[in-house]
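*Asks:* 3D model of this:
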Amino acid sequence: MKIAVTSQNRKNVTEHAGRCRKFWVFDVEGDKVVDKQLLELPKEQAFHDSSPHDAHPLDDVDVLITGGMGSGLAQRLERKGIKALVSTDKDPEIAVSNYLGGS
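*Replies:* Below is the predicted model of the structure:
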């Protein structure tokens, strides 16, 4: 399973997913994180600036965790089979851990 977390400053969970261009992508096997990589997108690939009909670098993730998103992005992710989750956690690793733990 792949989990992406919005993190524009590379430290905290970003609250505006549509404009975010930096994502921590966690590879998970079972309930354990086995890899974590930073994905940096050009401006035209931010969700707000890209077409929902085009392929996107995050199309292969299973879950997107963010501090906030609009209904349009939530629907776009749902159509692509990506579970959208708004979290109050500020630390990306804690957000992923809480998701995996069912919190």
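*Asks:* Run the chain-centre distance for the helix or strand bottoming out on mean pLDDT in the chain.
*Replies:* Ranking every helix and strand in the chain by mean pLDDT, DSSP states H and E puts helix 71-79 at the bottom, with a mean of 94. Relative to the centre of its chain, helix 71-79 is centred 12 Å away, using C-alpha atoms, centre = their mean, to the nearest Å.
*Asks:* Let me see the residues that make contact with the helix or strand following that helix.
*Replies:* Sequence order places strand 83-86 as the next helix or strand after helix 71-79, per DSSP states H and E. With contacts defined as C-beta atoms under 8 Å, 6 or more residues apart in numbering, strand 83-86 is touched by 62-69, 73-74, 77-78, 99. In short, each C-beta sits where N, CA and C put it, glycine included.
*Asks:* circling back to that earlier point, in the least confident helix or strand of the chain, what's buried?
*Replies:* Leu73, Ala74, Arg76, Leu77 (16 or more other C-beta atoms under 10 Å).
*Asks:* Helices of the chain, start to end?
*Replies:* 71-79, 92-100 (DSSP state H).
*Asks:* Show me which positions of the last one end up buried.
*Replies:* The neighbour-count criterion (16+ other C-beta under 10 Å) identifies Pro92, Ala95, Val96, Asn98, Tyr99, Leu100 as the buried residues of helix 92-100.
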